[in-house]
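Chemist: Structure for this input, please:
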Amino acid sequence: MVSTVRHVPSVDREQLIGEIVCTCCNPSECSELVQQSVRSRLVSYATRLADSAVGTGDSGDPDTVFQSIRQRLLQQHRQDDAARFAELYQQLAMYDGLSGKGRYALLSLLQHLTEQGAAAIASSVLHYKPLQLPKALPLRSAAAAEQSSSRQTDGSKVQRPSTTQQGGMPAVAHQQYTAAGSDVSTVKQLELVRDILRAVQGLTGRYCSFNPASTAGNPATSGPGVLIAPHDQLKLQLGYRTLMHELGELGFLYRRVLAAIQSGRSPHTGSVRQALCAALGEEVTDFYRLMAVLEAQLATPQPTPGADETDVAGSYLSLRRLQLWLAEPMRRMRFLAVLVDGCANRVGGDLAGRVWAASKIGDPLASSYATRILHQMCVPLFDMIRRWVFEGVLEDPACEFFIVPSSTNTSSNRDLWRDAYRIEPAKLPPFINAELAATILRAGKSINFLRDACNDARWVQEWAPGASEAAAELGYGQLPVLERVVSSAGQRVDARLMAVLQSSGELDKHCQAIRRYLLLGQGDFVVALLDCLGPELNKLAKDVSEVTLNHLLRTALLASAGGAQEEGGVQDRLKAYKAQTGDLETGWDAFSLQYQLGPPLSSIFTSAAQSSYSRLSKLLWFMRRTENSLGQAWKLLKV
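Modeler: Modelled structure (predicted):
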């Protein structure tokens, strides 16, 4: 069986402490002799302080002090010293010959030294009388030091030397260190835990409150969101105060999320935002369950594992344990607060797209939170898609759907296929591509065209309920299924639309009529039309009557083969038209044929298409007239 042992580098303790002190405190502005004297005294004092009984009381977190020193060095543009200090601190942390409280004492001294200038350090150290610190204790392991400290009771506190320093920075550092290391808290930890539990639920406690301006406005410009009672009202150890600030942030974030949830409960809010607020409410409900568990643990004292049976059972919860319990809720609430800030002033598909983007970040926990919220948000969005594809209904009072009515043409004779609906790109979710969006738009337009233009609402009512069952359970994460369902529905509606256009709209018959009469594809009709209209068109254009032209057109149509048997209103749709021309032009220049079509065929033969047909008909008419004139001239020449 292989055991794992932590590797401890073999370094000299005094040499390591000396390098750390020299790296942090570099009085480079002084002479070389003064520098050597200052460094020698600082190293000696730091070594004695790290091994003395000053570090046997309650201490704070060495890592927090380390980060403060490192940031201070970076602010002083000492990047090389900061990097070297980080490397040395790693070696110090792995060194078993120095307890955690000793490390904290050493780092507290270095923290105050780095806040002074080089000249101030030299002046303080050179005129400083060394402290009468206790004799250095023998080296012991960190585990033994921690175990010895944990066995101290409230009645047996370590007596620290009361020395009087004559000014100087090391004296101030020692006084502040001993004050922070001693048990000077006037409030029991149980009361602090109880107050923090109120704060993390957004309630103002006795010692922890919130900044109203920062909660309601922009926290970046309104100051800190968490306010802790000042030192003159609440005497706390530095570590406790730092923990209260960190845990109070959870309450600040909770208040921001709760404010977003309450703002989304308005009756005028869109369904997608209401779904977002409902999903956030479920996340907050999970947070409430955790708070209930913590409240129960606070009310039920439990002995700490490993404690003696004679010890009086205290509260299981401490600030440190509470920090561990709230680590995951803090991470989740921070993500939710950022999410609601990013979703402000967004609606519909744009709102869903913002949450979708949050689900694609690299953090797996944040991605899982966003995906869970997105599943619930897409329920109303997919319901809008289902009703539009299978019923052609656009029920969107809050303007959240990416398909909107077209406002460019609201007249009664508008094209129901091209001018009725369109896609709004700003509201299109990024997880629905442009091709799928176009298919969804076409399916709904086809149903509306069947119902409004083709008067086939009965078929839509019979087909929609059964077909929509296939998409009843669709949601986010089932986009391939949605594509298949929408494509199948579109093909079914398109087939029905073509059948209606063929049967009720007589599409084939009108296409044949356009070919034979408008495009002059039937020869006997062209000959009869030239014979009937020739004398009238030889007049000046101003003397030609459009009524007379339509009467002669009807005569030529009846004289052609099959013209009298035309059904479907072909005779009424074929019209002669006289354009506005000059006074010297003849009727041949002003005459043209038109074939008029109404809904639903007008959506196929649009105004632009009919204008193209009319121009082509006029060209063919000139060619037929030229052919007829050449034929008559050839007959005269032969005679």
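
Chemist: For the stretch 451-600 of the chain, which segments count as strands?
Modeler: In the stretch 451-600 of the chain, the strands defined using DSSP state E, counting those that start in this stretch lie at 574-578, 591-595.

Chemist: For the nearest residue to Cys378 once chain neighbours are set aside, give me the backbone phi and psi.
Modeler: Spatial nearest neighbour of Cys378, excluding adjacent residues (C-beta to C-beta, 6 or more residues apart in numbering): Tyr476 at 3.9 Å. Quick note: C-beta positions are derived from backbone N, CA and C, even for glycine. Main-chain torsions, Tyr476, degrees, to the nearest 10: phi -60, psi 140.

Chemist: Test my guess that Tyr476 contacts Phe431.
Modeler: Yes - here Tyr476 reaches Phe431: they are 7.4 Å apart, a contact under C-beta atoms under 8 Å.

Chemist: neighbour count winner among the two?
Modeler: Higher neighbour count among Tyr476 and Phe431: Tyr476, with 22 against 18, using other C-beta atoms under 10 Å.

Chemist: Show me where the stretch 201-350 of the chain has its strands.
Modeler: 208-210, 226-228.

Chemist: Least confident secondary structure element in this protein?
Modeler: In the chain, no helix or strand scores lower on mean pLDDT, DSSP states H and E than helix 142-150, which sits at a mean of 43.

Chemist: Contacts only, for Gln502.
Modeler: Residues near Gln502 by C-beta atoms under 8 Å, 6 or more residues apart in numbering: Asp508.

Chemist: Kindly report the same for the one 3 residues further on.
Modeler: For Gly505, the residues meeting the contact criterion (C-beta under 8 Å, 6+ apart) are 454, 600-601.

Chemist: TSV for these, including neighbour count and pLDDT?
Modeler: Below are the contacts of Gly505 laid out as TSV (neighbours: other C-beta atoms under 10 Å; pLDDT from 0 to 100):
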residue	neighbour count	pLDDT
Cys454	20	85
Pro600	22	81
Leu601	16	84
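
Chemist: ok, so of those, who is nearest Met384?
Modeler: Cys454 (24.3 Å; C-beta to C-beta).

Chemist: how about stretch 290-302: buried residues?
Modeler: Neighbour counts over stretch 290-302 (16 or more other C-beta atoms under 10 Å) mark 291, 294, 297-298 as buried.

Chemist: Oh, that last question was meant for stretch 391-405, not what I typed.
Modeler: 391-392, 394, 396, 400-403.

Chemist: and the nearest residue to Ile228 once chain neighbours are set aside, what does it touch?
Modeler: Leaving aside its sequence neighbours, Ile228 sits nearest to Met244 (C-beta to C-beta, 6+ apart; 5.4 Å). Contact partners of Met244, counting by C-beta under 8 Å, 6+ apart, are 192, 196, 199, 207-208, 226, 228, 236, 319.

Chemist: Among these, find me the one that's closest to Gly248.
Modeler: For the contacts of Met244, the nearest to Gly248 is Val226 (3.6 Å; C-beta to C-beta).

Chemist: Nearest spatial neighbour of the closest one, chain-adjacent residues omitted?
Modeler: Here the residue nearest Val226, using C-beta to C-beta, 6+ apart, is Gly248, at 3.6 Å.

Chemist: Would you confirm that the one you found contacts Cys208?
Modeler: Yes - Gly248 is within contact range of Cys208, at 5.0 Å (criterion: C-beta under 8 Å).

Chemist: who touches both of the two?
Modeler: In contact with both Gly248 and Cys208: 196, 199, 226, 228, using C-beta under 8 Å, 6+ apart.

Chemist: Between those, which sits nearest Ala46?
Modeler: Proximity of the shared contacts of Gly248 and Cys208 to Ala46 (C-beta to C-beta) peaks at Ile228, which lies at 31.3 Å.

Chemist: residues contacting that closest one?
Modeler: By C-beta under 8 Å, 6+ apart, the contact list for Ile228 reads 207-208, 234, 241, 244-245, 248.

Chemist: Out of those, which one has the weakest pLDDT?
Modeler: Ranked by pLDDT, the contacts of Ile228 bottom out at Leu234, which scores 76.

Chemist: What is the neighbour count of it?
Modeler: Neighbour count of Leu234, defined by other C-beta under 10 Å: 19.

Chemist: For it, which non-adjacent residue is closest in space?
Modeler: Closest residue to Leu234 apart from its sequence neighbours, by C-beta to C-beta, 6+ apart: Tyr207 at 5.3 Å.

Chemist: and the one you found, how many residues sit next to it?
Modeler: 21.

Chemist: same check, this time on Lys618
Modeler: Burial of Lys618 is recorded as 16 neighbouring residues (other C-beta under 10 Å).

Chemist: Which residue, other than its chain neighbours, is closest to it?
Modeler: Ser592 (4.8 Å).

Chemist: If I look at Ala279, what pLDDT would I see?
Modeler: If you check Ala279, the pLDDT there is 93.

Chemist: Would you confirm that it contacts Tyr369?
Modeler: No - counting by C-beta under 8 Å, Ala279 stays clear of Tyr369, with 9.6 Å between them.

Chemist: Where do the helices of the stretch 451-600 of the chain begin and end?
Modeler: With DSSP state H, counting those that start in this stretch, the ranges of helices along the stretch 451-600 of the chain come out as 457-468, 479-503, 507-513, 523-537, 546-559, 570-573, 587-590.

Chemist: for the fourth one, packing partners?
Modeler: If I follow you right, that is helix 523-537. If contacts are counted by 3 or more C-beta pairs under 8 Å, 6 or more residues apart in numbering; DSSP states H and E, helix 523-537 sits against helix 546-559, helix 587-590, helix 607-638.

Chemist: Nearest to Trp463, out of the shared contacts of Gly248 and Cys208: which one, please.
Modeler: The closest of the shared contacts of Gly248 and Cys208, once distances to Trp463 are taken by C-beta to C-beta, is Ala199, at 58.6 Å.

Chemist: so where do the helices sit in the stretch 201-350 of the chain?
Modeler: For the stretch 201-350 of the chain, the helices defined by DSSP H, counting those that start in this stretch occupy 212-216, 238-263, 271-299, 319-325, 327-342, 348-358.

Chemist: can you tell which of the helices and strands packed on helix 523-537 is closest to Leu336?
Modeler: helix 607-638 (53.2 Å).

Chemist: Can you point out the buried residues in that closest one?
Modeler: Quick answer for helix 607-638 (16+ other C-beta under 10 Å): 610, 613-614, 617-618, 620-621, 624-625.

Chemist: angle of that helix against helix 523-537?
Modeler: Angle, helix 607-638 to helix 523-537, by axes from the mean of the first three to the mean of the last three C-alpha atoms, to 10 degrees: 80 degrees.

Chemist: so what does helix 607-638 touch, helix or strand wise?
Modeler: Helix 607-638 packs on helix 523-537, strand 591-595, going by 3+ C-beta pairs under 8 Å, 6+ apart.

Chemist: so it versus strand 591-595, what angle?
Modeler: Here helix 607-638 runs at an angle of 130 degrees relative to strand 591-595 (the same axes, to 10 degrees).

Chemist: Tell me how many other residues crowd Gln262.
Modeler: 11.

Chemist: and if you look at His510?
Modeler: By other C-beta under 10 Å, 19 other residues sit near His510.
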